[in-house]
Every structure is written in C-alpha cells, then in structure tokens.
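Student: any chance you can model this:
(2 chains)
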Amino acid sequence: MTNSSYTAFKTMVHRDFTLAMRNRSEWTNPLFFFFLACSLFPLGIGPEPNTLERIAPGIIWVTALLAAMLSLESIFRSDFEDGSLEQLVLSPYPFTVLVYAKILVHWLVTGIPLMLLSPLLGLILHMPADGIGLLMLSLLIGTPVLSLIGSIGVALTVGLKRGGMLLSLLILPLYIPILIFGAGAVDVGLGGLDASGHFLLMGAILILAFTLSPLATAAALRVSI
Amino acid sequence: MWKTILKLTSFRNFYQFSGKLLPWFTAITFILFAIGLYWSLVIAPIDYQQKDSYRILYIHVPAAWMSLFVYIVMATSGAIHLIWKTKLSVVIANSCAPIGAAFTFLALVTGAIWGHPTWGTWWVWDARLTSELVLLFLYIGYMSLYSAIEDRASAARAAAILAIVGVVNIPIIHYSVDWWFTLHQSASISVSKGSSMHPSMYWPLLVMATAFKFYFVMVLMQRARNEILERDQNANWVQELEKEL
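Tutor: Prediction:
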C-alpha cells in the first residue's frame, strides 16, 4: 500500500467511524435485536435449563449472524443515497482500499459489540462458564467474515429500492460454513474435545474472505452505481 | 482471430448454428435415454442389499454431477461476460440457471426418496446434502438477483459476480464426502482411481450420465435461442424470420 492509499484508508475509517458514532441507533439497534431475538428462544422452546444449555451456542450464533446481516445495509446505503459513493469510486485512490476501510468500520461497530454482548446472552441461556470464552473467540474470528461476505451482498443490492429480502437470500447461503464451524467450535469445546480444528478452519475461511471478498465488493459496487 | 470469434458468437450466428445442431442433440438425447433407462432399470442386476431401490442412483448421480457442472458453466460464462463483455455469454449464463436449479432439485429429491428406505430418513444434515442445498439457494439467488435489477446490462454483471462468488461452494460439495465422514457415502467413481462399482452397474450409469449431458446441451440451446429471439426482436434478421413463418 502506498503512503497516499494508507492516508485515504485512515481518513475513510475515521470518517465512517465518526458517522456511525454520531448516529447511535446504527450500532445500538443490532445489539437490541441480538438480545431480543435470543431471549425469544427460551420463551418459545420453554425455560428448561438443560435444553437451553444444549442449544445456546447455536441460538447465539444464528441471532448474531442475523443481527450482523440486518445491519449490513448501513455499510453503503447512506453513501449511495447521498452520492458520496460515486465520489469514492471516482477518487484517485484504489477503490478496494476504501472498501476495506468501510468493512473494517462495520466490523468495529457491529461485530465487536456483538461479541462483547455474547457472554451476557450465554449466561441467560445457562451456558457453562468455560463455554463463554470459546463463544467469544469464535465470534471474534467469525464476525469479520460476516462483514466481509455480507459486503458483497449489499454491494450487489444497494441500487435496488427494496433489497432487504433479496440481500438475505443472497447472503445466508454463503454464511452457512462459518455458522457451522463457529457454533460447532463452541459445541465441541463444551463436549470436552479439542476445538482447535474448528478454529483453524474458521481462520482459513477468514483469510479467504479477507483476501477475495473486498475485490468482489468493489466490482459489484461499480456495477450498482 | 478476435473478429472471427466475435462473429461466431453473434446472436444471429449462434441462432443459425444451434438450429443446425439442435435436431442432432435431440435425437442423441432420446436414443441415449432409451438405452440408458432400459439398461439401468431392466438389465442391470439387482443389488443384493438394497434390492431395486438402488436403481434411483441412475437418476440421482447424473443429476448431482450435472448440478455442479452446470454451475461451473454458468460461472465461467459470467466471468467471460465480465472480462470480454460478450453478449452471448450472458444468454448462456442465464439459460444455465434454471436448468442447474432443476438438476439440483432433482438430485435432492431423488436422494430423499432413496434415503427413506435405505437410511430410514428423508433428510439428514450431512455435509454433502447441506452443501447441495446451498447450491440450490445459489441458483435461486442468481435468478432473483437478475430479475430484481431492471437495467439488463447491470443485472447481467451483478449476477455474474454473484455466480463467481458462489464457486467457492463447488469444491466444498465435491470433497464434502472425503473431508467429513458423515452419512452420505464417498465417491465410487473417480478419474484417477477408476470405479469400485461392478461393470454391469457402472456402464449403464455412464450412459445415463452422457444422456444427461446431451439433454443439458439440448435444453440450454433451446433456452438460449428463445432469449436471443427476445433480445433481438427488433433486429432485421429476426423480423425476416418472422415473415418466413
């Protein structure tokens, strides 16, 4: 990365992060959704602690995934609507670098808070204490993948008036591998087995998504504009 | 060189060229299906464990192979369109999507019908089955994304990007039975190791697989010709065709 691209990256991160912080509902709403959706399960399934303990990793992972997906629109939507996305495409800096910055900010304002909130949810779903650490680690590796892959879907649908439903149709199938390994890692760890295999595979998925998906996102954004 | 390729892939040329090939492909498809179905359903010996229910593999396996093959054709055409902006590749990719979805659906349904007596369940969340289901969603996603974007040119490019992203699922499906030891059995046939099936069961399967390939090309050409006529409806050569009718 040349020096000027790095400056552009930093400026972009700073701008998007400030915007997200000023618009507080952007990052608090996914958290409320996460909490609410998780607390629906004990009400629907019944408050039996053994059942809840058994399915807690899956519930937390699925709802975190949905919360991340519902917040995806914020990556590009407002910039698309006020035209600044066009200016970013036209800017002399590599567009992929700017896309990386936007994805990073999305992860910082949704992925990290989701991860930090997850112990509380693990607690109310009767997850054993040694599972909490595994859950946080799996979300730490998994949530950037959610932002990275999700950005492709948003980029493809940002030009559409009602892209929300289509976005989930495009993105959810691609989320399946990380969900399997993320929830699986916690499950395996709680069963007393070594979960490192799952974590290594998640790391591999993260590296793959990190290297390739911003390129696809940038290409898709150029189409959508 | 470039000019000849571009000329050959023009809508008009493809329409005329495929019009000449289509009867041949149709005839070969029907002959192969007649031979393959008779061979696999009547001549091939009964399996000593599964009795006659194993015969569904003669539909299931070719359909599953084709579901992957069609996706690769679709993604490759999409990539060709993104790189060289050829019009024909969009038509091919679009025509692939519903055919591939149908093959995937067929593979899932025949698998379920076979699984019920053999495994005792219609469905398991096994790696092969799950990834094949994801493939069906990818096809559906491609079609809905294409139809959701009004502008045809950007719809084609957006859908092509999605198809290329979805390619990551193809090796997962293919190797799922080797990577995870779950319920679905491993491959019995491979290019490098040959077949572990008995020849009397293996040959009819090959005939059926070839029949499926020809069927795919036949339907692909028909769909592509329809879409070409629709896209080029105001062109002179289509108007002339209409007058001849």
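Student: ok, the residue lying closest to A:Leu215 once chain neighbours are set aside - contacts?
Tutor: Closest residue in space to A:Leu215, ignoring its immediate chain neighbours: A:Thr96 at 5.9 Å, by CB to CB, 6 or more residues apart in numbering or on different chains. All C-beta atoms are positioned from the backbone trio N, CA, C, and that covers glycine. By CB atoms under 8 Å, 6 or more residues apart in numbering or on different chains, A:Thr96 lies in contact with A:Pro214, A:Leu215, A:Ala218.
Student: what number of residues are in the vicinity of residue 37?
Tutor: Went with chain A since none was named. A count of nearby residues for A:Ala37, using other CB atoms under 10 Å in any protein chain shown, gives 18.
Student: actually, chain B is the one I wanted.
Tutor: 17.
Student: for B:Lys3, same thing?
Tutor: 7.
Student: how near is it to chain A?
Tutor: 28 Å (CB to the nearest CB, to the nearest Å).
Student: what stretches of the chain score poorly on pLDDT?
Tutor: All of this refers to chain A. Scanning chain A for pLDDT under 70 picks out A:1-2.
Student: other chain: chain B
Tutor: Residue ranges of chain B with pLDDT under 70: B:181-182, B:190-195.
Student: up against chain A, what does it have?
Tutor: Taking CB under 8 Å from any CB of the partner chain as the contact definition, chain B meets chain A at B:82, B:130, B:134, B:137-138, B:140-141, B:144-145, B:148-149, B:154, B:157-158, B:161-162, B:164-166, B:168-169, B:172.
Student: let's go with 7 Å and repeat that
Tutor: Neighbours of chain A within chain B, by CB under 7 Å from any CB of the partner chain: B:130, B:134, B:137-138, B:140-141, B:144-145, B:148-149, B:154, B:157-158, B:161-162, B:165.
Student: so which bits of chain A are right by chain B?
Tutor: Counting by CB under 7 Å from any CB, chain A sits next to chain B at A:152, A:156, A:160, A:166, A:169-170, A:173, A:176, A:216, A:219-220, A:223-224.
Student: among those residues, which lie within helices?
Tutor: Among these, DSSP state H puts A:Ile152, A:Leu156, A:Leu166, A:Leu169, A:Leu170, A:Pro173, A:Ile176, A:Ala216, A:Ala219, A:Ala220, A:Val223, A:Ser224 in helices.
Student: before we move on, back to that, in TSV: the contacts of A:Thr96, plus neighbour count.
Tutor: Shown next, in TSV, are the contacts of A:Thr96 (neighbours: other CB atoms under 10 Å in any protein chain shown):
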residue	neighbour count
A:Pro214	24
A:Leu215	15
A:Ala218	20
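Student: picking up where we left off before, can you tell me which of the residues of chain B next to chain A end up in strands?
Tutor: Among those, no member is found in strands (DSSP state E).
Student: with that, I have no additional questions.
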